[in-house]
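Student: Attaching a predicted model along with its sequence, questions to come.
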Amino acid sequence: MRVAIIGQGYVGLTISVGAFGAGHQVFGIESNEKLVTKLNAGLSHIEGISAEKIKAGIASGNYLATSDFSKISQSEVVVIAVPTPLDKKGEPDTSILQSAVASLAPHLSDGALVINESTSYIGTLRKIIADPIMAINPKVVDFAVSPERVDPGNARYGLANTPRLVGGTSKSATDRAIAFYESFSGEVVRVSSPEVAEAAKLLENSFRFINIGFINEFSQVMNSLGVPALEVIQAAATKPYGFMPFTPNVGIGGHCIPVDPLYLQKNAKDSQSLSRYIELSEQMNQAMPEYCVDQLEKRYGSLKDKHLLLIGVSYKADISDTRESPAEAVIELLESRGAKVSWHDPLVESFLSKSSSPISGDYDLAWVLVKHSNLNLEGFGDKPIYCVNPIDSHRDWIPILGSSGK
């Protein structure tokens, strides 16, 4: 098939590699010209996707990155994989998705299949994608949803062994989308409608969002009782059924977990059935950075005029993605208490318009937010190193949560 994939970020590039690896001809449509140049030079910006894979796609003639939307006219399948973040008020922001739809619509060929992978609220495929496209270009007849299930940095689960959901606006759309994904994915699951597929994605991540909120609250209760929260969680996890372990942290980050539940909440608000669980979990997760800064001060003392090194500013270990990273809130809180803050992250080139600082003994203390597997703290000296939970047996870790004493 000839396939256009709109967006060449974590999701779009992953799907592109899977598709051209299966022999499809892929146009990777990307508005960032610097990224287009980088990709066409055979360079990757995504963990888990090697430069060799991209170069192989280019060499085979099956992959081209471009900012030219007219390439869509040559494509039988168009996959939308663009960001759907929250705005500054914490509300769903579909402006990038809407812009992509407006840009691609005039170029669609007769009978093209349009698939949305971008996570959004229930009803997005019909209202934000299909209706506007049909108003501009009624030749397009097939629309489907296959919500992305890309977990950056996850070496265990990828395209080949992560089941995909597919729901179309017609049997033809569903059948065609399933045929496309079956060419490079393992299991493809048919659902009865686009709305079921959209709702399932929101449920998956709302489940995690709510459980993270609960475990963050649980860790605070354990702290107040002087009981090590992490050890309690590990003990409970020995039960082989009926329990799934979650780990407390300084906050919640990434392109899905902090965002998707608020898209579901929009549907709930629109139908006047607000989710109290999502609302409470959002409050709990948003409060964790300040709670952890408070705990740091209890253990170290006043942070005023102290030079502090934050270690790890991506939203999770072993990736460079800083979207919705709680490190931003932590830095603001530390600076508001008079601390001078630098950060170190071997995977992140720039964060909050600053570059990574080297590990050295020039700081009063360090706080490990995210421990990458290649983290090397040699050269920091004997200054205290704090962490949210005990990370390993390193003698220098001083836990902020999970301690054995109040």
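Tutor: Received it, and whenever you're ready, just let me know what you need.
Student: Just checking the distance from the helix ranked longest in the chain to the centre of its chain.
Tutor: Longest helix of the chain, by residue count under DSSP state H: helix 194-225. How far helix 194-225 lies from its chain's middle: 15 Å, per CA atoms, centre = their mean, to the nearest Å.
Student: got it, and stretch 171-184?
Tutor: Mean C-alpha position of stretch 171-184 versus that of the full chain (CA atoms, centre = their mean) differs by 25 Å.
Student: just checking, what packs against the helix or strand hosting residue 35?
Tutor: For residue 35, the element it lies in under DSSP states H and E is helix 33-40. The contact analysis (3 or more CB pairs under 8 Å, 6 or more residues apart in numbering; DSSP states H and E) places helix 33-40 against strand 63-66. C-beta here means a position set from N, CA and C on the backbone, and glycine is covered the same way.
Student: Give me the next element, helix or strand, following the strand it packs on.
Tutor: Next along from strand 63-66, by DSSP H and E: strand 77-80.
Student: Go ahead and name everything in contact with that next one.
Tutor: Residues from elsewhere that reach strand 77-80 (CB atoms under 8 Å, 6 or more residues apart in numbering): 1-7, 12, 15, 72, 97, 100-101, 104, 108, 112-118, 129, 176, 180.
Student: can you check stretch 290-301 too?
Tutor: Taking CB under 8 Å, 6+ apart as the rule, stretch 290-301 contacts 220, 223, 250, 303, 306, 329-330, 333-334, 337, 365, 367, 384, 386, 388, 398, 400-401.
Student: Output that stretch as CSV, restricted to C-alpha atoms.
Tutor: Output of stretch 290-301 as CSV, limited to C-alpha atoms (Å, rounded to 0.1, in the frame of the first residue of the first chain):
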residue,chain,number,x,y,z
GLU,A,290,4.8,20.3,46.4
TYR,A,291,4.4,17.4,48.8
CYS,A,292,7.7,16.0,47.8
VAL,A,293,9.5,19.4,48.0
ASP,A,294,8.0,19.7,51.5
GLN,A,295,9.4,16.3,52.4
LEU,A,296,12.8,17.2,51.0
GLU,A,297,12.9,20.3,53.2
LYS,A,298,11.9,18.2,56.2
ARG,A,299,14.9,15.9,55.6
TYR,A,300,17.5,18.5,54.5
GLY,A,301,16.4,21.8,56.0
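Student: Would you list the buried entries among the contacts of stretch 290-301?
Tutor: 220, 223, 250, 303, 306, 329-330, 333-334, 365, 367, 386, 388, 398, 400-401 (16 or more other CB atoms under 10 Å).
Student: In helices, which of the residues you listed appear?
Tutor: Using DSSP H, the members of the buried ones among the contacts of stretch 290-301 that fall in helices are 220, 223, 329-330, 333-334.
Student: With pLDDT and distance to residue 344 added, can I get those in JSON lines?
Tutor: JSON lines is the format used below for these (pLDDT from 0 to 100; distance: CB to CB, whole Å):
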{"residue": "220", "pLDDT": "93", "distance to residue 344": "28"}
{"residue": "223", "pLDDT": "89", "distance to residue 344": "27"}
{"residue": "329", "pLDDT": "95", "distance to residue 344": "18"}
{"residue": "330", "pLDDT": "96", "distance to residue 344": "14"}
{"residue": "333", "pLDDT": "97", "distance to residue 344": "18"}
{"residue": "334", "pLDDT": "97", "distance to residue 344": "15"}
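Student: re the thing from before, quick one: name whatever helix or strand follows the longest helix of the chain.
Tutor: Following helix 194-225 in sequence order, the next helix or strand is helix 229-236 (DSSP H and E).
Student: Relative to residue 45, how far out is the closest residue to residue 355 other than its chain neighbours?
Tutor: Distances taken as CB to CB, 6 or more residues apart in numbering put residue 349 closest to residue 355, at 7.1 Å, once the chain neighbours are dropped. Here residue 349 is placed at a distance of 10 Å from residue 45 (CB to CB, to the nearest Å).
Student: again, but for residue 300
Tutor: Applying CB to CB to residue 300 and residue 45 gives a distance of 37 Å.
Student: Likewise for residue 353?
Tutor: Using CB to CB, residue 353 is found at 19 Å from residue 45.
Student: The helix or strand bottoming out on mean pLDDT in the chain pairs with which strands, parallel or anti?
Tutor: Sorting the helices and strands of the chain by mean pLDDT, DSSP states H and E puts strand 397-399 at the bottom, at a mean of 78. Partners of strand 397-399 in the sheet, by DSSP bridges, are strand 385-387 (parallel).
Student: Report the separation between the closest residue to residue 367 other than its chain neighbours and residue 247.
Tutor: Once flanking residues are discounted, residue 367 sits nearest to residue 386: 4.7 Å by CB to CB, 6+ apart. Look at residue 386 and residue 247: by CB to CB, they are 17 Å apart.
Student: same check, this time on residue 69
Tutor: With the distance defined as CB to CB, residue 69 ends up 42 Å from residue 247.
Student: okay, those two: which has more neighbours?
Tutor: More crowded of residue 69 and residue 247, by other CB atoms under 10 Å: residue 69, with 19 against 16.
Student: what's the closest non-adjacent residue to the more buried one?
Tutor: In space, residue 69 is closest to residue 103, 5.0 Å off (CB to CB, 6+ apart).
Student: Tell me how far the one you found lies from residue 136.
Tutor: Separation of residue 103 from residue 136 (CB to CB): 11 Å.
Student: just residue 224 next, same as before
Tutor: As judged by CB to CB, residue 224 and residue 136 stand 58 Å apart.
Student: So residue 259 is in contact with residue 285, correct?
Tutor: No - the criterion here is CB atoms under 8 Å, and residue 259 misses it with residue 285 at 11.8 Å.
Student: Excluding chain neighbours, what is closest to residue 252?
Tutor: Here the residue nearest residue 252, using CB to CB, 6+ apart, is residue 285, at 4.5 Å.
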